[in-house]
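> Generate a structure from the sequence data that follows.
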Amino acid sequence: TLQESVLALAKLGGFLGRKSDGAPGVKVLWRGLQVFRNVLDTYRLLL
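Purely as a prediction, here's the structure:
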């Protein structure tokens, strides 16, 4: 689902996902997107 995808991206950005944490913010999602992009670029480089 979209919610699972957003949480996975947020976890890459450092979001812990505890009950009291609330929803992930824009900064942590942006950091997660940058990490994902780096992993994707490295994967493409190795192919």
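> okay, CA-based contacts and neighbour counts for the rest of this
Will do.
> Grab the longest helix from the chain for me.
helix 26-46 (DSSP state H).
> Name the residues that touch it?
Counting by Cα atoms under 8 Å, 6 or more residues apart in numbering, the neighbours of helix 26-46 from elsewhere in the structure are Val6, Leu9, Ala10, Lys11, Leu12, Gly13, Gly14, Phe15.
> Tally up the residues packed near the fifth one, please.
When you say that, I think you mean Leu12. Burial of Leu12 is recorded as 19 neighbouring residues (other Cα atoms under 10 Å).
> Who are the contact partners of it?
Arg31, Gly32, Leu33, Val35, Phe36.
> farthest-separated two in the contacts of helix 26-46?
By the measure Cα to Cα, Val6 and Gly14 form the most distant pair in those, at 12.5 Å.
> More neighbours: which of these two?
Under the neighbour definition other Cα under 10 Å, Val6 and Gly14 were set side by side, and Val6 has more, 16 against 13.
> before we move on, which element is the most centrally placed residue in the chain in?
In the chain, the residue lying closest to the centroid (Cα atoms, centre = their mean) is Leu9, at 2.1 Å. Taking DSSP states H and E as the definition, Leu9 sits inside helix 2-12.
> so how far is that helix off the chain centroid?
Distance of helix 2-12 from its chain centroid, counting by Cα atoms, centre = their mean, to the nearest Å, is 6 Å.
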